[in-house]
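Undergrad: turn this into a structure:
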Amino acid sequence: MGTPLNILIAEDSSDDVELILAQLRRDGFDPVWQRVETEADFLAGLKKLPDIVLSDYAMPQFSGLRAAELTQEHGRNIPFILISGTVGEEAAVEAMKRGATDYLLKDRVARLGNAVRRALEQKHLLDERQKTEEELRWKTVLLEAQLESSIDGILVVDNQGKTVLQNRRMSELWKLPESATENESALMEFAPSQTKNARQFIEKTVYLFAHPDEVGHDEIELLDGTVLDRYSSPVRDQAGKLYGRIWSFRDITERRKLEAQFRQAQKMESIGQLAGGIAHDFNNILAAIIGNIYLAKVEAEAHPVIMEYLESISAASQRATDLVNQILTFSRQNKPDRQPVKLNHVVLEALKLLRASVPATIRIQTELAKTNTVLANATSIHQVMMNLGTNAWHAMRDQPGTLKVEMENIEVDASFVKVHPDLHLGKYVRLSVSDTGCGMDYATTERIYDPFFTTKPVGEGTGLGLAVVHGIMKSHDGAISVYSEPGKGTTFHLYFPIFETEFTLRETDSTPIPHGNGEHILLVDDEEALVLIGKKMLERLGYSVTTLTSAAEAVAAVRRQPDKFDLVITDLTMPGMDGAKLGSQLLRIQPRLRLILATGYSGVMTDEKLRELGFLELLGKPTSTRALGEAVYRALRQPVPVRVGKPPKPSL
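TA: As a prediction, the model looks like this:
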């Protein structure tokens, strides 16, 4: 069997066809053939994709040159051999121009086998080349698509630093002009002028060109605040020959902002843990001090001089209590009670107090437009104004200046939220505090809310002021931003969500502290000083009091006499068994028992959690006689709890 060969033959002589087929068989081929004489039949034969076309030069209805043209136009790389007894040199050349692979004379048909083999080899080589070219084109298309769809700016340069290839993102990031052609070095000619540290950028770039085997990785900050992550590596072929260097630039501005927010959250979490410990221990001390002051004032009513001393101690204790609340506030673990207020009144009151301490060289200017009501804690807002106002005049104390306070209603839209991610869409009251002082650089403004960070000399600041302000704004579901430049002053913008609900102002409660009628209260606290003070305070309010300093003793006392006590007040944090677990134990013994939880640090305690644990009230420490008396009175006046089944398992 010979080599299979599918042939399309354009020939008007059947005898000549037989000669051609006989020669092909002698040359080792096994032909399958079709003879055509017209152009229509020839086109139909081409559609069957023959291995090769053999054509006479001159036919009554068709010509060999036309057949060559049609084969070429078909575009399938089918070899075409012209066979004729009359073709001359010029006709042969013309046939080759029209796509013929070879030609031969009929009286030399013995060359046909070699001509066919040569034509088929050329076809194979051409097919392979076309396949390679197609694969190369496809890879080029994929590469271009990848480059143009990449979120990174890609730049390829040669060994002289000239641009070989760059994508659209590269042009966008660096704002390259249209004049930045492939013959220019965009990296060195246009980029340095856009960076904050051009010298460092150039030195790093030059170093990498001088050390082609090294991989480079650094961050670049542009003048507009964009931060780019730059990565560079050499471009080599498989043999190791160096062709240049590829650079990639990724915009990591948002990532850096998120990382900064995460670091800030970590700092606040750490300081919050510290604040919780301070609150518990320090408030226990303050509770003992304030309780003893109250008892001493009762005994010293007839001694004005002693009362004056006690009032001074009481005021100092209150300032200490406020300091603990500040720490809890900036750590966002103490959510202040908020009421609907008009900020104008609170701000003017704070400025009036601030005016007394600000030098006469500082002018206070106000532009307080009529604004909507906000849900806020007036004391906290007062504290915000005092902190910002004090910082402002400290920044201007070496020269005359202006402290300007403005207020207005604003509408926060989507574009504004992108710049201030702590805000949501909606209406806000914006309070702005500006000064004409020394200002701050970028590095300082990045740290101003860090607890204990201060630029003031030793003894003039604790570094808590702006941390407190930041915490207060967070606790008010608002936000704070700052703009400052060295030598051009500083402006703080504070955003308070507008409170839409109608309200009426409550009058100050001047009613007497409620008293009891001899109800029996069990007071449990591991601090002996606190149970003694609490006992005296409650007895003065008309209650019978039993005190214990151990949770285990309290369980034993209730177990012995389940109906003896009308109310139990227990501290939350105690050794061995905390207040939540104690309450659970007591309710197992007497489900109808009323419970109050007292703590110097409520942490994650919510009203829902308090009720879930079986307590009726949460009493903060240190507490006043009024707060204690009202909490006890409310708890005793509530219906006796009816608890079915076992009390919930405590989980704080």
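Undergrad: use CA for all of it now, contacts and neighbours both
TA: Will do.
Undergrad: can you give me the helices in the stretch 1-150 of the chain?
TA: For the stretch 1-150 of the chain, applying DSSP state H, counting those that start in this stretch gives helices covering 14-26, 39-46, 64-74, 89-97, 112-149.
Undergrad: tabulate these (CSV), appending mean neighbour count.
TA: Formatted as CSV, the helices of the stretch 1-150 of the chain follow (neighbours: other Cα atoms under 10 Å):
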stretch, mean neighbour count
helix 14-26, 15
helix 39-46, 15
helix 64-74, 19
helix 89-97, 15
helix 112-149, 14
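Undergrad: what's the closest of these to residue 204?
TA: helix 112-149 (24.6 Å; Cα to Cα).
Undergrad: list the helices and strands the closest one packs on?
TA: Secondary-structure packing of helix 112-149 (3 or more Cα pairs under 8 Å, 6 or more residues apart in numbering; DSSP states H and E): helix 14-26, strand 80-84, strand 102-105, helix 168-174.
Undergrad: confidence-wise, which of the helices of the stretch 1-150 of the chain is weakest overall?
TA: Ranked by mean pLDDT, the helices of the stretch 1-150 of the chain bottom out at helix 89-97, with a mean of 77.
Undergrad: low-scoring pLDDT stretches of the stretch 251-400 of the chain, where are they?
TA: Applying pLDDT under 70 to the stretch 251-400 of the chain picks out residues 264-265, 267-280, 319, 322-337.
Undergrad: list the buried residues of the helix or strand harbouring residue 482.
TA: Residue 482 belongs to strand 479-484 when elements are defined using DSSP states H and E. Buried residues in strand 479-484, defined by neighbour count with 16 or more other Cα atoms under 10 Å: 479, 480, 483, 484.
Undergrad: isn't the first one right next to residue 473, touching?
TA: Same thing as residue 479. Yes. Contact criterion Cα atoms under 8 Å: residue 479 and residue 473 qualify, at 5.5 Å.
Undergrad: quick check: neighbours shared by those two?
TA: Counting by Cα atoms under 8 Å, 6 or more residues apart in numbering, the residues touching both residue 479 and residue 473 are 494, 495, 496.
Undergrad: thinking the second one is in contact with residue 430, fair?
TA: Yes. Shown here, residue 495 and residue 430 form a contact pair, counting by Cα under 8 Å, at 4.7 Å.
Undergrad: residues that sit against both of the two, list them.
TA: With Cα under 8 Å, 6+ apart as the test, residue 495 and residue 430 reach no residue in common.
Undergrad: which residues are in contact with the closest residue to residue 575 other than its chain neighbours?
TA: Computed as Cα to Cα, 6 or more residues apart in numbering, the closest residue to residue 575 that is not its neighbour in sequence is residue 526, at 7.6 Å. Residue 526 is in contact with 548, 549, 550, 571, 574, 575, counting by Cα under 8 Å, 6+ apart.
Undergrad: which phi and psi does residue 526 have?
TA: Note on residue 526: its backbone torsions stand at phi -70, psi -10 [degrees, to the nearest 10].
Undergrad: with residue 489 instead?
TA: phi 90, psi -180.
Undergrad: tell me the contacts of it?
TA: Residue 489 neighbours (Cα under 8 Å, 6+ apart): 434, 435, 436, 437, 438, 439, 440.
Undergrad: among those residues, who's most crowded?
TA: Highest neighbour count within those, by other Cα atoms under 10 Å: residue 435, with 28 neighbours.
Undergrad: quickly list what that residue is bridged to.
TA: Residue 435 forms beta bridges with residue 403, residue 490, as assigned by DSSP bridges.
Undergrad: that one against residue 406, yeah?
TA: No. Residue 435 is not in contact with residue 406 according to Cα under 8 Å; the separation is 11.7 Å.
Undergrad: strands along the stretch 451-600 of the chain, start to end?
TA: Taking DSSP state E, counting those that start in this stretch as the test, the strands found in the stretch 451-600 of the chain are 479-484, 490-497, 520-524, 544-548, 567-571, 594-599.
Undergrad: nearest to residue 201, of those?
TA: Comparing the strands of the stretch 451-600 of the chain under Cα to Cα, the one sitting nearest is strand 479-484, at 26.3 Å.
Undergrad: and the strand holding residue 482, how far out from the chain's middle?
TA: Taking Cα atoms, centre = their mean, to the nearest Å, one finds strand 479-484 lying 19 Å from the centre of the chain it belongs to.
Undergrad: each with direction, which strands does it pair with?
TA: Sheet partners assigned to strand 479-484 using DSSP bridges are listed as strand 490-497 (antiparallel).
Undergrad: what number of residues are in the vicinity of the nearest residue to residue 528 once chain neighbours are set aside?
TA: Nearest non-adjacent residue to residue 528, counting by Cα to Cα, 6+ apart: residue 549, 6.4 Å away. Here the number of neighbours of residue 549 (other Cα under 10 Å) works out to 19.
Undergrad: isn't residue 549 right next to residue 530, touching?
TA: No. Contact criterion Cα under 8 Å: residue 549 and residue 530 do not qualify, at 9.5 Å.
Undergrad: quick check, central residue of the protein?
TA: residue 258 (3.9 Å; Cα atoms, centre = their mean).
Undergrad: related to what we said a few turns ago, can I get the helices of the stretch 1-150 of the chain in TSV with distance to residue 215?
TA: TSV is the format used below for the helices of the stretch 1-150 of the chain (distance: least, Cα to Cα, whole Å):
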stretch	distance to residue 215
helix 14-26	63
helix 39-46	57
helix 64-74	52
helix 89-97	54
helix 112-149	21
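Undergrad: out of those, flag the one nearest residue 363.
TA: helix 112-149 (56.1 Å).
Undergrad: nearest to residue 53, of the shared contacts of residue 479 and residue 473?
TA: residue 495 (84.7 Å).
Undergrad: contacting residues for the closest one?
TA: Counted by Cα under 8 Å, 6+ apart, residue 495 has contacts 428, 429, 430, 431, 473, 478, 479, 480.
Undergrad: rerun that using 7 Å as the cut-off
TA: Residue 495 is in contact with 428, 429, 430, 431, 478, 479, 480, counting by Cα atoms under 7 Å, 6 or more residues apart in numbering.
Undergrad: who are the packing partners of the helix or strand hosting the first one?
TA: This means residue 428. Secondary structure from DSSP H and E places residue 428 in strand 426-435. Where contact means 3 or more Cα pairs under 7 Å, 6 or more residues apart in numbering; DSSP states H and E, strand 426-435 is packed against strand 401-412, strand 490-497.
Undergrad: could you list the domains of the protein?
TA: 3-128, 150-251, 259-330, 339-497, 520-637 (automatic domain parsing).
Undergrad: mind checking the end-to-end distance for the first one?
TA: Same thing as domain 3-128. Length of domain 3-128, first residue to last, Cα to Cα, to the nearest Å: 21 Å.
Undergrad: same check, this time on the fourth one
TA: The first residue of domain 339-497 is 13 Å away from its last residue (Cα to Cα).
Undergrad: where exactly do the helices run in the stretch 351-500 of the chain?
TA: Going by DSSP H, counting those that start in this stretch, the stretch 351-500 of the chain shows helices at 378-396, 414-419, 442-445, 465-475.
Undergrad: any idea which of those is most buried?
TA: For those, the largest average neighbour count (mean count of other Cα atoms under 10 Å) is found in helix 465-475, namely a mean of 24.
Undergrad: what is the orientation angle of that helix with strand 479-484?
TA: Angle of helix 465-475 versus strand 479-484, following axes from the mean of the first three to the mean of the last three Cα atoms, to 10 degrees, is 140 degrees.
Undergrad: which elements pack onto helix 465-475?
TA: Using 3+ Cα pairs under 7 Å, 6+ apart, helix 465-475 is in contact with helix 304-330, helix 378-396, strand 479-484.
Undergrad: quick one: closest of those to residue 43.
TA: strand 479-484 (78.6 Å).
Undergrad: now do that closest one against strand 426-435, angle only.
TA: 40 degrees.
Undergrad: quick one on the thing from earlier: now, among the contacts of residue 495, which is nearest to residue 566?
TA: Closest approach to residue 566 among the contacts of residue 495 (Cα to Cα): residue 478, at 43.4 Å.
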